[in-house]
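S.K.: how would this look folded up:
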Amino acid sequence: MTLDRHLALSHHTSNVRRAGYFHIRALSHIRPSLTEDMAITVAASMVHSRLDYANSLVHGQTNVKRLQSVQNSAARVVLKDNHQLSSGDLLRKLHWLSVQSRTEFKIACITYKVLTTGQPTCLSTLLNHYTPLRTLRSANQYLLQHPRVSTEFAKRSLSYFAPKIWNNIPLDIRLCSTLPTFKRHLKTYLFK
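M.R.: Next up, the predicted model:
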């Protein structure tokens with residue numbers, strides 16, 4: 001991670017983009033000799049691993065769009081597309097979630113683990129179950145309490161955006177009994 005004094009993460013995003021485009025250029029040179037499955041594996045290991053590292057920190061920022069351009073370029077190289085298809089069509093064809101959806105997926109998985117295991121305790125203290133003051137239908141929806149914040153900086157905290165993401169997930173997915181089942185249903189939901 002590269003941090004600046006304002007915690008805007010623009011330097012980190014620039015470094016991730018630079019590394020991502022370096023590997024995409026290298027992939028484009030060897031792409032004619034690779035099968036599509038091999039190219040997908042190489043792109044996932046070299047580009048997606050960089051995009052996914054600490055991606056929950058850039059959730060909801062303008063830097064996500066800059067990272068999305070890296071993923072779009074990787075998809076074009078993998079599918080040998082010369083701007084014939086839109087970026088969304090390329091991602092659907094490869095069955096890749098967008099950078100924003102990948103971030104939401106990661107945050108939702110962390111939230112699921114914290115809620116089911118209570119670990120790590122430093123995160124479990126940040127997430128509180130929603131309990132209405134009187135009997136409401138939402139009482140048994142397995143929702144999280146959404147805290148009120150007054151600054152834009154506070155909106156970047158896990159205690160703010162984890163409940164927001166969690167509460168938007170359908171109840172049947174939130175109630176999954178195992179993590180692999182939760183991940184599978186969540187990915188399908190986010191992909192739609």
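S.K.: I figured Leu57 hits Thr13, correct?
M.R.: No. The criterion here is C-beta atoms under 8 Å, and Leu57 misses it with Thr13 at 10.0 Å. For the C-beta atoms, the positions are set from N, CA and C on the backbone; glycine is no exception.
S.K.: what about those two, which has more around it?
M.R.: More crowded of Leu57 and Thr13, by other C-beta atoms under 10 Å: Thr13, with 20 against 16.
S.K.: tell me how far the more buried one lies from Ala19.
M.R.: Plainly put, Thr13 is 11 Å away from Ala19 if you go by C-beta to C-beta, to the nearest Å.
S.K.: tell me which helix or strand the nearest residue in space to Cys109 that is not next to it in sequence sits in.
M.R.: Spatial nearest neighbour of Cys109, excluding adjacent residues (C-beta to C-beta, 6 or more residues apart in numbering): Lys183 at 6.3 Å. Secondary structure assignment for Lys183, by DSSP states H and E: helix 179-191.
S.K.: quick one: buried residues of that helix?
M.R.: 182-183, 185-187, 189-190 (16 or more other C-beta atoms under 10 Å).
S.K.: quick check: mean pLDDT of that helix?
M.R.: Mean per-residue pLDDT for helix 179-191: 93.
S.K.: can you check stretch 158-170 too?
M.R.: 88.
S.K.: other residues contacting it?
M.R.: 56, 59-60, 104, 107-108, 110-111, 123, 126-127, 130, 143-147, 149, 154-155, 174, 186, 189 (C-beta atoms under 8 Å, 6 or more residues apart in numbering).
S.K.: out of those, name the ones that lie in helices.
M.R.: Mapping the contacts of stretch 158-170 onto helices (DSSP state H) picks out 104, 107-108, 110-111, 123, 174, 186, 189.
S.K.: okay, now His83: neighbour count?
M.R.: If you count neighbours by other C-beta under 10 Å, His83 ends up with 8.
S.K.: now swap in Val78 and tell me
M.R.: Count around Val78 with other C-beta under 10 Å applied: 27.
S.K.: and the gap between it and Leu34?
M.R.: 9 Å.
S.K.: ok, the spatially closest residue to Leu94 that is not a sequence neighbour - contacts?
M.R.: Spatial nearest neighbour of Leu94, chain neighbours left out: Ala75 (5.7 Å); criterion: C-beta to C-beta, 6+ apart. With contact set as C-beta under 8 Å, 6+ apart, Ala75 has these partners: 43, 81, 87, 90-91, 94, 96.
S.K.: with that, I have no additional questions.
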